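> Pasting the sequence and the predicted model now:
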Amino acid sequence: MSKIRVRFAPSPTGYLHVGGARTALFNWLYARQHGGALILRIEDTDLQRSSPEMVQGILEGLDWLGLDFDEGPFFQSSYVEAHREAVGRMLEAGSAYRDFTPKEERSDAEIKQQVAEAARSAPPPNPYRDFDPAASAAKAAAGEPFVVRFRVPREGTSRFEDLVYGLQEREYREIEDFVLLRTDGHPLYNLGVVVDDIAMGITDVIRGQDHLFNTHKQILLYRALGQPIPRFAHLPLILAPGKEKLSKRKHGEIVSLTTYRDRGFLPEAILNFLALLGWSPESGEYKDREIFSREELVRIFSLERIHKSNAIFNFVEGDARQWTDQKALWMNGEYIKSLPLDRIVPLVAAELRQAGIWRERFATEEAAWFATTVGLLRERYRTLTEFATLGRPYWVEGVDFPFEEPAVEKNLRKDAALRTLLPVLADRLSALDSFTHATTEEALRQLANESGVKAGLLINGARTALTGQAVGPGIFDVLVAVGQSRTGQRLRHAVTLLG
RNA sequence: GGCGCGUUGGUGUAACUGGUUAACACGCCGCCCUCUCAAGGCGGAGAGCACGGGUUCGAGUCCCGUACGCGCUACCA
C-alpha cells in the first residue's frame, strides 16, 4: 500500500473554526497513525477573501494545538495555471465544453431563491453542450466570453463508498453540468480541489459532511483526468445549540479556536474534547474513559468509529459560566490539575504577564514558592485565566485585589469579635519565628481557644482578609502562600473594612 | 421543491453479528469529608431509545411509512 497522504484544506477566513480544527485533528491523527503525511493547503480560490492576515489565524490555531503538517502551507491560488491546463485537456478530450450563454448577475438572495425554483423543473438542456467543437473553438478565438462546464453523463449512477457514510449513490441526471472555469478564466472550487489533490498525491480525503454531494462531481473529474480516485471520509458537522450551523457571524468568537487559547484553555484539553465530538473509541479497553493523551488518540483513532449524526456544541450565549461547552471546561480543569506542574507553571506565568501582575522574581529567587502556589491553586481552577483573576491576591503586594462584598459580609462583618481578634491574630502570626502550616495552625487555634470562639470564625475571617474571597484552599496553605508579611498587613487592613 | 444524510436522558457518547430492570462522562440535586469552595467518595433525578406500523419467541439494534433536523442543489468554498 502506498503511503497515506491527507490534507487539511481550509479557506482563509481569518481564524480557525472549531469545526475546522476537528477536521484538522482527524486528518492529523490519521496521518500520524499510518506514518503518512499531512499537507496544509489554503483554499483561496475566492481571491477577494484571501490575504496573509486571513491565513495567520489558521496557522496560529494549528500551531497552538500542536497539529504539525509535513508539507505546505500551499495556496490554491498559485496553481491556477495547472487548473486551466487540466481544463484544456478536458476540453480536448470532450469531457468539458464551452458555454457561451451570457452571465446572469444575481445577488446571493436571488440565487438562493432561483436555485430552489430552477431545481423544481428539469433544467433545459444547455445549447452548447453538443455544439460543434470547431465552431466552439472559433467563437472562443474570436474573443467571445464563455465558461467551461463539465459534461456530466446523461444517464447512469455515480457511486462511491464513503468510509463514514457508507455507499453513496446519485443519478447523473441530478447533477448539472457544473462550471469549471468562470468567464474571467477563474477556476472554481471543485476543479481546484481535484487538480490539487491529484498533484499532491492525496490518498484519503477527510473533510466535512457538507462536501458529500460535491464528491460525486469530483469523482467525475478524477475519471476525466484519468487519475486514481482517493478514499473519502466525510465528517459529521458540529452544530450550535438549536441545531443551527455554528457561524462566526451568529455565534461570535466562540467558534474561533484562538478564543480558547485566550480564555485559558490548554491545547491538550481542547484537542481531547474535539476528538470526542463525533468519534468515540472502541468500547472495551477504553470503556468509560474520556481523558486521552495525544499519543493515545493517535494509537486508537479510527475512521470507522466516526459516526454519522451531527454533534451539538453546547454553550449559553451571555452566560459567563457557560460561555463554552461545560464538558470542555471540565476537561480543561482535569488537564490543569493533572498535567506535570512544570508544564502548567510557564503557562500561568504567561497569563500573569498578560494581566500585568507578573514579577521577575517569581522565576528566580521565588521560583519554588511560585510553583508550589500554582500547585495549590490548580486544584480548583478550570481555566488558566483564573490564576490571574481569582488568583490575583496571591501575586500582588498589599491589598491590591477586590473584596467580594458577600464574602466581607459573611466572614468579616458578621461577628463583631473580629474587630479585636483580627489585630491580635495579626500580631501573633507576625511574631512567629517560623511561618509554616503547622505553626500558623497552632497559633490560630490557640487564639480561638483563649478567646472562646470557634476556629472557623478566625479561619473564614482570615480567608476573606487575605484574599477578599469566601472560597479558596485550606487557610493554612493560604497563609503560607501569602507569606508572613502580607498576612500581617492584610489582617490589619481587614479591620478597616468592618466599618 | 428535489436529492442525500441523520434522530438513544439537557449535552457528548456506549450498547459484539437482535436476547437480563438501556451504560458512561459532563451538567443538575443530595449526603460524606471539612475552616470555605473545589476536588474526592457515595447516592439520586433525568431517556425506554423521534413517532406509527411490521418481521421475530424476543428489536434501540432488521423492514416500511411519517415527522422533525441538517446538508447539498451558484460563473461561493
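Nice, I can see it.
> pretty sure A:D44 contacts A:S77?
Yes: look at A:D44 against A:S77 with C-beta atoms under 8 Å: they come within range, at 4.8 Å. All C-beta spots, glycine's among them, are computed from the backbone N, C-alpha and C.
> got a list of what A:S280 touches?
The contact partners of A:S280, by C-beta atoms under 8 Å, 6 or more residues apart in numbering, come to A:305, A:307.
> ok, now A:K248?
Residues near A:K248 by C-beta under 8 Å, 6+ apart: A:13, A:15, A:17, A:255-256.
> One more: A:T373?
Contacts of A:T373 by C-beta under 8 Å, 6+ apart are A:394, A:481.
> measure the residue nearest to A:T101 when sequence neighbours are not counted to RNA strand B for me?
Nearest residue to A:T101, sequence neighbours excluded (C-beta to C-beta, 6 or more residues apart in numbering): A:Y128, at 6.9 Å. Distance, A:Y128 to RNA strand B, using C-beta to the nearest atom of the strand, to the nearest Å: 11 Å.
> Assess the claim that A:Y128 and A:D99 are in contact.
Yes: using C-beta under 8 Å, A:Y128 is in contact with A:D99, at 4.7 Å.
> Can you list the buried residues in the helix or strand hosting A:M54?
In the assignment (DSSP states H and E), A:M54 maps to helix A:52-65. Buried residues in helix A:52-65, counted by 16 or more other C-beta atoms under 10 Å: A:54-55, A:57-58, A:61-62, A:64-65.
> Just the closest residue of the stretch 351-499 of chain A to RNA strand B, please.
As assessed by C-beta to the nearest atom of the strand, RNA strand B sits closest to A:G474 within the stretch 351-499 of chain A, at 3.0 Å.
> For that residue, give me the pLDDT.
Predicted confidence (pLDDT) for A:G474: 95.
> Tell me where the stretch 151-300 of chain A has strands.
According to DSSP state E, counting those that start in this stretch, the stretch 151-300 of chain A carries its strands in the segments A:157-162, A:166-171, A:179-181, A:204-208, A:231-235, A:238-240, A:244-245.
> Go through those strands and find the least confident stretch.
With a mean of 84, strand A:244-245 has the lowest mean pLDDT of the strands of the stretch 151-300 of chain A.
> Give me the contacts around that one.
With contact meaning C-beta under 8 Å, 6+ apart, strand A:244-245 is reached by A:237, A:239, A:250.
> thought the last one was touching A:A240?
This means A:K250. Yes: using C-beta under 8 Å, A:K250 is in contact with A:A240, at 7.2 Å.
> And these two? Which one has more around it.
Remark: of A:K250 and A:A240, A:A240 carries more neighbours, 18 against 12, as counted by other C-beta atoms under 10 Å.
> where in the stretch 51-200 of chain A is pLDDT low?
By pLDDT under 70, the weakly predicted segments of the stretch 51-200 of chain A are A:105-124.
> let's see 90
The stretch 51-200 of chain A contains residues with pLDDT under 90 at A:51-57, A:72, A:76-78, A:101-128, A:130, A:154-159, A:161, A:165-176.
> What ranges does it have for its helices?
Under the criterion DSSP state H, counting those that start in this stretch, the stretch 51-200 of chain A contains helices at A:52-65, A:80-93, A:108-120, A:133-141, A:189-199.
> Just give me the neighbour total for A:F100.
Per other C-beta under 10 Å, the neighbour tally for A:F100 reads 16.
> ok, now A:V424?
Number of residues near A:V424 (other C-beta under 10 Å) recorded here: 14.
> Contacts for stretch A:387-397 next, please.
Stretch A:387-397 has contacts (C-beta under 8 Å, 6+ apart) with A:264, A:348, A:351-352, A:354-355, A:357-359, A:362, A:373-374, A:377, A:381, A:400-402, A:466-469, A:481-482, A:486.
> Next, the residue of chain A positioned farthest from its centre: phi, psi?
The C-alpha centroid of chain A is most remote from A:E450, which lies 56.7 Å away (C-alpha atoms, centre = their mean). Dihedral angles of A:E450 (phi, psi; degrees, to the nearest 10) stand at phi -60, psi -40.
> Run through the residues that contact the closest residue to A:A224 other than its chain neighbours.
Leaving out its chain neighbours, the residue that sits closest to A:A224 by C-beta to C-beta, 6+ apart is A:S95, at 3.9 Å. A:S95 sits next to A:150-151, A:224 when contact means C-beta under 8 Å, 6+ apart.
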